[in-house]
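Asks: Turn this into a structure:
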Amino acid sequence: MKDKTALITGASSGIGRELARIHAKEGGDLVIVARSEDKLEQLKKELEDSHSIRVTVIAKDLTRPQAAQEIFGAVKEAGIEIEYLINNAGFGGHGLFHERSWDEELAMIQLNVVTLAALCHLFLPEMVRRDRGRILNVSSTASLPPGGPMQSVYFATKHFVTAFSYGIAGELAGTQVTVTALMPGATETEFAATSGMDKTDLFKDTASARSVAQDGYDAMMAGKLDVVSGLTFAQGLMMKSIPFTPKRMILKQIRKMQEIQT
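Replies: The predicted model follows:
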């Protein structure tokens, strides 16, 4: 795994941090990206001390339009070749769309959609030229239902991530470059608290960030198209029933699951 450098966004906590730990344990170098420089530096020390690898820290607000280009520029300036691009960063928000702040929704679209796609667009050409590389885009099981009342924009951004990942994977058929979509269910991360989802039925039973990260990493290394992770038995049954259930019924169920319990 030496010289198999992975760039991971949102690496300061949750699934991203666990993905970094997994890759470091495999002996691979890392470029870790997030807004919190202090947390990134702590993770860098932990991983370098434990695994004798090299970790490069890039502190960046990924909701800024120029963030992807700045990350790419920093990687190029450092002379680092990215073998694995892991787009993990993302956030959600809870509430009625017409009552939520547009600035928050726009920042969500910028991070979950635009920055993710931009990083793929910047790093893919080099992967294709050398005919080697892997991309893991962290989507969500939120991309499977027709929509998500109380998280309308978040669900829509994850629809994009899954469809986009499938699309470029199809374009790369016949090469040694693969794209994998990781679709976690409710996971024990900071996402629930920051999005306001921690008080809903959906987050009563969560998967560990480590187990979801391992599923995603293994699927990426195997070159799989996608992987669903972290669902309870009941949630799994619901997801399987989606193609056969009237859309209005699904939307009603999802809204009920996502309403704040008082």
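
Asks: residues touching L43, list them.
Replies: 11-12, 17, 20, 32, 55 (C-beta atoms under 8 Å, 6 or more residues apart in numbering). In short, each C-beta sits where N, CA and C put it, glycine included.

Asks: In these, which residue is surrounded by the most others?
Replies: Neighbour tally across the contacts of L43 (other C-beta atoms under 10 Å): the maximum, 32 neighbours, falls on A11.

Asks: wait, is it part of a strand?
Replies: No - judged by DSSP: H, G, I helix; E, B strand; the rest coil, A11 forms no part of a strand; its state is coil.

Asks: That one is in contact with L40, isn't it?
Replies: Yes - with contact defined as C-beta atoms under 8 Å, A11 counts as touching L40 (6.7 Å).

Asks: list residues touching both of these two?
Replies: Listed as contacting both A11 and L40 by C-beta under 8 Å, 6+ apart are 32-34.

Asks: Inside strands: which ones of those residues?
Replies: Applying DSSP state E to those, the entries found in strands are 32-34.

Asks: of those, closest to Q214?
Replies: Nearest to Q214 out of those is I32 (C-beta to C-beta; 17.9 Å).

Asks: Just give the closest residue to M220, not the sequence neighbours.
Replies: In space, M220 comes closest to L136 once its chain neighbours are excluded; the distance is 4.2 Å by C-beta to C-beta, 6 or more residues apart in numbering.

Asks: helices and strands around the host helix or strand of that neighbour, which ones?
Replies: Assigned by DSSP states H and E, L136 belongs to strand 133-138. Using 3 or more C-beta pairs under 8 Å, 6 or more residues apart in numbering; DSSP states H and E as the contact test, the elements touching strand 133-138 are helix 14-25, strand 82-87, helix 116-130, helix 152-171, strand 177-184, helix 209-221.

Asks: export these to TSV and tack on distance to E70 and mean pLDDT?
Replies: Listed next are the helices and strands packed on strand 133-138 as TSV, based on distance: least, C-beta to C-beta, whole Å; pLDDT from 0 to 100:
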stretch	distance to E70	mean pLDDT
helix 14-25	19	97
strand 82-87	15	98
helix 116-130	11	98
helix 152-171	21	98
strand 177-184	23	97
helix 209-221	25	97
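
Asks: quick one, what contacts E70?
Replies: Neighbour list for E70: K60 [criterion: C-beta under 8 Å, 6+ apart].

Asks: Phi and psi next, for it.
Replies: phi -70, psi -40 (degrees, to the nearest 10).

Asks: Now do the closest residue to S36 other than its chain neighbours against E188, distance only.
Replies: The shortest distance from S36 to any non-neighbouring residue, by C-beta to C-beta, 6+ apart, is to S12 (4.7 Å). According to C-beta to C-beta, to the nearest Å, S12 and E188 sit 16 Å apart.

Asks: One more: Q110?
Replies: Relative to E188, and taking C-beta to C-beta, Q110 is found at 26 Å.

Asks: Mind giving me the packing neighbours of the helix or strand where D103 lies?
Replies: Taking DSSP H and E as the definition, D103 sits inside helix 102-109. Under the contact definition 3+ C-beta pairs under 8 Å, 6+ apart, helix 102-109 sits against helix 152-171.
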